[in-house]
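Peer 1: predicted structure and sequence below. I'll ask about it afterward.
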Amino acid sequence: MKTKKITIVIASLMIASSLTLSAQQADKKATSARKNIAKDEHKLSEAKKDSASNYQNFKIAEELKIVKNEKSIAELKAKKTNDDKNIQETYDKNVSDLEQKNNNLRDKLSQYNTSDKSIWLSFKHDYTISMEQLEKEISKLK
């Protein structure tokens, strides 16, 4: 009977120590996970700062292009052809269309407001293509 009680006590101690050890390991894992989360949040914060910086640099460069396009469009507006009235009207409409495209690009640039990297890359790609097309159209009319 005494040995049965000793066996039960020993088994209980073994289970208790096993549970304590298990709890300590879980606590270590939780602490490690919290550290990893903190590191990942820091990396995400840095990535957002980089993305914002990239956007600001891109925006400044593109605003300069928009101003350059405005000057070119103003020159095109001032330019009058000696051709008949229909040709002049077509020319004026083309210049007006270029001005509208330039204004649309300005609006698109000023209204962009997301920090999602995949959306940023897509926006930048589409915007760059549109700007290049506009610049080609302006140079064709010069």
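Peer 2: Looks like it came in fine.

Peer 1: rounded mean pLDDT for the helix or strand containing S110, please.
Peer 2: S110 is part of helix 85-111 when elements are defined by DSSP states H and E. Averaging pLDDT along helix 85-111 gives 93.

Peer 1: again, but for stretch 10-24
Peer 2: 71.

Peer 1: about what we covered before: which helices and strands does the helix holding S110 pack with?
Peer 2: Applying 3 or more CB pairs under 8 Å, 6 or more residues apart in numbering; DSSP states H and E, one finds that helix 85-111 makes contact with helix 2-78, helix 117-141. Using the backbone N, CA and C atoms, a C-beta is placed for each residue, glycine as well.

Peer 1: mind checking how far the spatially most central residue of the chain is from N113?
Peer 2: For the chain, the residue nearest the mean C-alpha position is W120 (2.9 Å; CA atoms, centre = their mean). Distance of W120 to N113, computed by CB to CB, to the nearest Å: 11 Å.

Peer 1: got it, and T128?
Peer 2: 18 Å.

Peer 1: neighbour count winner among these two?
Peer 2: T128 (12 against 6; other CB atoms under 10 Å).

Peer 1: ok now do the spatially closest residue to N102 that is not a sequence neighbour, which residues does it touch?
Peer 2: Spatial nearest neighbour of N102, excluding adjacent residues (CB to CB, 6 or more residues apart in numbering): N69 at 4.7 Å. Applying CB atoms under 8 Å, 6 or more residues apart in numbering, we find N69 in contact with L98, N102, L134, E135, I138.

Peer 1: the same query, at a cut-off of 10 Å, please.
Peer 2: N69 makes contact with L98, E99, K101, N102, N103, L105, R106, M131, L134, E135, E137, I138, according to CB atoms under 10 Å, 6 or more residues apart in numbering.

Peer 1: out of the residues you listed, who's nearest N54?
Peer 2: When the contacts of N69 are ranked by distance to N54 (CB to CB), M131 comes first, at 16.4 Å.
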